[in-house]
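*Asks:* Quick check, what structure comes out for this input:
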Amino acid sequence: INFLYSCCMKKLFLLLLCLPMIGFGQLGNYYKSEGHPKAKGLEFEIKTPLGFDQMEADRPNIVQKWIKNPKDNNTMVQFMVLVYNMPQEMQDLKSEWKQYLKFEDGVEEMIAEYGENVSNGKYYVLDNYPGMYYENMEDFERMDFSFTLYSKVVQVFLEKHHLTIQMSSMKKDLLEENTRLFHLLANSVIFPSQYGN
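*Replies:* Residues are numbered from 1 along each chain as shown. Presented below is the predicted three-dimensional model:
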């Protein structure tokens, strides 16, 4: 009995040691945008998703992307961080953005502009900045291939920029499996300029 108890305790101890790695080990070190031309002067930090390849993107506005299984459409998952300049008349309106998105019909109005395949819109905050979350389904054609891309998106509105974090996959169930990781990643964002030096 003592031997059995000892074996069980060792297994339990090992399991408890592994829990932090299972629960919190999905994110790595911080990626910092400082000096990246596509960040357009916006400094932000975001933790990197472990098990994903980090790469520069070809298209404008994509500051960084992380991809898992890029050569297999059945298991591919991708995260992207994009930065856009806001028009002059929409800048420096943090409290107005919060009012519009949280207390008025801002989220519904904005996602309606994106088309009929957008759903589950809601108010969302990243590091004190107001924004919104939504899900999207989009049909694409490349060369002679047609495919559907599913995505979860967070957009936040800062003083002069808006930042977008997007997770996408060609398999909806794979997207759902990574929902927790998406929110952990989004919640890791820091905008250091608001904290001074």
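
*Asks:* List the contacts of the helix or strand harbouring W97.
*Replies:* Assessed by DSSP states H and E, W97 sits inside helix 94-98. Applying Cβ atoms under 8 Å, 6 or more residues apart in numbering, the external contacts of helix 94-98 come out as 106, 129-131, 157-159. (Each C-beta comes from the backbone N, C-alpha and C, glycine too.)

*Asks:* Now with 10 Å, please.
*Replies:* 86, 90, 106, 123, 125, 128-132, 156-159, 162, 194 (Cβ atoms under 10 Å, 6 or more residues apart in numbering).

*Asks:* how far is it from where the chain is centred?
*Replies:* Distance of helix 94-98 from the chain centroid (Cα atoms, centre = their mean, to the nearest Å) equals 21 Å.

*Asks:* List the buried residues of the helix or strand that it is followed by.
*Replies:* As assigned by DSSP H and E, the chain's next helix or strand after helix 94-98 is helix 106-113. Going by neighbour count (16 or more other Cβ atoms under 10 Å), the buried part of helix 106-113 is 106-107, 110-111.

*Asks:* Let me know the closest of those residues to S33.
*Replies:* Among the buried residues of helix 106-113, M110 lies closest to S33 (Cβ to Cβ), at 24.3 Å.

*Asks:* For that closest one, which non-adjacent residue is spatially closest?
*Replies:* In space, M110 comes closest to M132 once its chain neighbours are excluded; the distance is 6.6 Å by Cβ to Cβ, 6 or more residues apart in numbering.

*Asks:* Kindly confirm my reading that that neighbour forms part of a helix.
*Replies:* No: per DSSP: H, G, I helix; E, B strand; the rest coil, M132 lies outside any helix segment and is strand.

*Asks:* List the residues that contact M55.
*Replies:* M55 touches 62, 64-67, 70, 78, counting by Cβ under 10 Å, 6+ apart.

*Asks:* That one bridge partners, please.
*Replies:* K65 (DSSP bridges).

*Asks:* ok, which stretches of the chain are strands?
*Replies:* 27-32, 45-49, 53-55, 62-68, 77-85, 118-126, 129-142, 145-157, 161-169 (DSSP state E).

*Asks:* I'd like these laid out as JSON lines, including distance to L185 and mean pLDDT.
*Replies:* Compiled in JSON lines, the strands of the chain are given as follows (distance: least, Cβ to Cβ, whole Å; pLDDT from 0 to 100):
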{"stretch": "strand 27-32", "distance to L185": "7", "mean pLDDT": "90"}
{"stretch": "strand 45-49", "distance to L185": "6", "mean pLDDT": "94"}
{"stretch": "strand 53-55", "distance to L185": "13", "mean pLDDT": "89"}
{"stretch": "strand 62-68", "distance to L185": "9", "mean pLDDT": "94"}
{"stretch": "strand 77-85", "distance to L185": "6", "mean pLDDT": "95"}
{"stretch": "strand 118-126", "distance to L185": "11", "mean pLDDT": "94"}
{"stretch": "strand 129-142", "distance to L185": "13", "mean pLDDT": "88"}
{"stretch": "strand 145-157", "distance to L185": "9", "mean pLDDT": "89"}
{"stretch": "strand 161-169", "distance to L185": "7", "mean pLDDT": "95"}
